[in-house]
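> based on what follows, work out the 3D shape:
(4 chains)
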There are 2 protein chains.
Amino acid sequence: MSKILVVDDELDISELVALHLARDGHECVCLTNGLEVFPYVTSHQPDLIVLDLMLPGQDGLTVFKRLRADSRSRTTPVIILTARAQMSDRISGLELGADDYLTKPFSPRELALRISAVLRRTQRVQAVSEVKTGRFLLDRKNMKLFLDDTPVDLTTTEFKLLATLMENDKAVHTRSELLREVWGYSDEVATRTLDTHVKRLREKLGDAGRHIVTVRGTGYQFCVTLPDS
Amino acid sequence: MSKILVVDDELDISELVALHLARDGHECVCLTNGLEVFPYVTSHQPDLIVLDLMLPGQDGLTVFKRLRADSRSRTTPVIILTARAQMSDRISGLELGADDYLTKPFSPRELALRISAVLRRTQRVQAVSEVKTGRFLLDRKNMKLFLDDTPVDLTTTEFKLLATLMENDKAVHTRSELLREVWGYSDEVATRTLDTHVKRLREKLGDAGRHIVTVRGTGYQFCVTLPDS
DNA sequence: CGCGGCTGTGACGATATTGTCACGAGGTGG
DNA sequence: CCACCTCGTGACAATATCGTCACAGCCGCG
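As a prediction, this is how the structure comes out:
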């Protein structure tokens, strides 16, 4: 469900945590060295990071500060793990804007619950702006489409058309409905504009263009799953 | 700065907390009875609620569940106060989506820090003073840009524009959004001001100017990494 | 007071996007 | 099987958007 990065030099803790997270359906990656964190985060974009402060290579607090200073990871949720003796570190972490922290020793169930709570907050925001269905991810806020995680450049009209079609899987949109919602036409017009745009959209989508299904005499629908043929 | 509602039947705790919060510039209101919370929240819309579980009238957990069930308060940040003996309640609170919790006895400073951390997440009150990403280092405090560790002289408007674009990697900023945030325009204006400044900024950045990407029909985005081409 | 730096503006050209047209392909009903 | 209707497509023109440039105004400083 979500990509969780766990950074802890104690392998028994990481493995126990990973087991719990996998049970919740998350994809979990474990790192043990502070120097590995930043390169991993900027290239893999995890949904959440569990970060121990006591790390070899580069200590957790330095790693955290760097994550918060970089525009690619400054909003990535981070839960900091602290030892009881490190009360001052935990307060420093809070001051830097960690999303949560947990004091060792902790129960894996509690960590899993905190992770769920943080993800719920951050994914609630995402749910409003993103539509993810099948091979498609539609980012409304940024007017971007990703197909198989690859960005596809769409014009604003193409994006609006696709977004309208994807709003409800398999919903059939009439031509007049699409012309009204995407183009603002208010009355019946005989125009090939819609056809041309559907064509251009299908071209840009390549083989995934067939997810836009023509309903003859009515309009078009978007189908995530297609019958094999 | 923010309206904080503190709900605790122990007045000495509430008053100590209120004193600390006032020191941080917050406006603090204290309630002692669980039945008073919901009516107050729906009419006053506090920015954050500190909620003790042990309450007369209506216990804190029931109050919290009601807050989360109502659309007016579903997203209001809540920090739950628990006694050490109530470990099961604290986990129940997390499962319901509390933003944080604190176990009694606690230091008022720690609560104040947690409140700041939660408000920071929900309100984006503070911006990181330094943004370092890729070849760029943006020093907000001194209004300085360093490109490949070399200082680049920017005017105040150029700096504000770049800082806004760099806030979140790949976030697309519309023209009207940029005109509002950098120039303070409040309505739609047809102006080439933004284009001219983007041009001047790109000139000063040299080859790194291509990190400012035009999104036709929408505006601009800042991309730390660019596709090779 | 003059000069230089900064900023905003409008005109114009370049580029991208969009709409239209004509024609053919494909589907459907009689 | 044929006529008719609907849709797809390629080419082209129109329109919208962005980039650029030159200039003017403002402000601060020497």
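> who in chain A is up against DNA strand C?
Within chain A, the positions near DNA strand C by Cβ under 7 Å from any atom of the strand are A:153, A:155-158, A:183, A:191-193, A:196-197, A:200, A:216. From N, CA and C alone the C-beta is placed, and that goes for glycine too.
> for ChimeraX, write a command that selects the buried ones of the residues you listed.
The command below creates a ChimeraX selection of those among the residues of chain A next to DNA strand C that count as buried (16 or more other Cβ atoms under 10 Å in any protein chain shown):
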select /A:155,158,183,197,200
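> can you tell me which of the residues of chain A next to DNA strand C are in helices?
A:156-158, A:183, A:193, A:196-197, A:200 (DSSP state H).
> determine the longest helix present in chain A.
With DSSP H setting the assignment, residue counts place helix A:108-129 as the longest helix in chain A.
> what residues sit buried inside the helix or strand following that one?
Following helix A:108-129 in sequence order, the next helix or strand is strand A:130-133 (DSSP states H and E). Neighbour-count burial for strand A:130-133, counted by 16+ other Cβ under 10 Å, picks out A:Glu130.
> so what does the helix or strand just after strand A:130-133 touch, helix or strand wise?
Taking DSSP H and E as the definition, the helix or strand that follows strand A:130-133 towards the C-terminus is strand A:136-139. Contact partners of strand A:136-139 among helices and strands, from 3 or more Cβ pairs under 8 Å, 6 or more residues apart in numbering or on different chains; DSSP states H and E: strand A:130-133, strand A:144-147, helix A:156-166.
> for the residue located most distally from the centre of chain A, give me its contacts.
Among residues of chain A, the one most distant from the C-alpha centroid is A:Ala190; the distance is 40.3 Å, by Cα atoms, centre = their mean. By Cβ atoms under 8 Å, 6 or more residues apart in numbering or on different chains, A:Ala190 lies in contact with nothing.
> poorly predicted segments of chain A, please.
In the prediction, chain A carries residues with pLDDT under 70 at positions A:84-96, A:123-128, A:228-229.
> got the domain boundaries for it?
Using automatic domain parsing, the domain ranges for chain A come out as A:3-128, A:134-222.
> quick revisit: for the longest helix of chain A, packing partners?
On a contact count with 3+ Cβ pairs under 8 Å, 6+ apart, helix A:108-129 meets helix A:11-23, strand A:48-52, strand A:78-83, strand A:100-104, helix B:87-95.
> and among those, the most buried is which?
For those, average neighbour numbers computed from mean count of other Cβ atoms under 10 Å in any protein chain shown are highest in strand A:48-52, which has a mean of 25.
> in its sheet, what does that strand sit against?
strand A:3-7 (parallel), strand A:78-83 (parallel) (DSSP bridges).
> just put those in JSON lines and tack on distance to A:Val29.
Converted to JSON lines, the strands paired with strand A:48-52 look like this (distance: least, Cβ to Cβ, whole Å):
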{"stretch": "strand A:3-7", "distance to A:Val29": "5"}
{"stretch": "strand A:78-83", "distance to A:Val29": "15"}
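> relative to A:Lys104, which of those is closest?
Nearest to A:Lys104 among the strands paired with strand A:48-52 is strand A:78-83; the distance by Cβ to Cβ comes to 5.0 Å.
> what residues does chain A put near chain B?
For chain A, the residues in contact with chain B under the definition Cβ under 8 Å from any Cβ of the partner chain are A:66, A:68-72, A:74-75, A:91, A:94-95, A:97-100, A:109-110, A:113-114, A:116-117, A:120-121, A:124, A:141-144, A:155-156.
> contact partners for A:Glu15?
Applying Cβ under 8 Å, 6+ apart, we find A:Glu15 in contact with A:Cys30.
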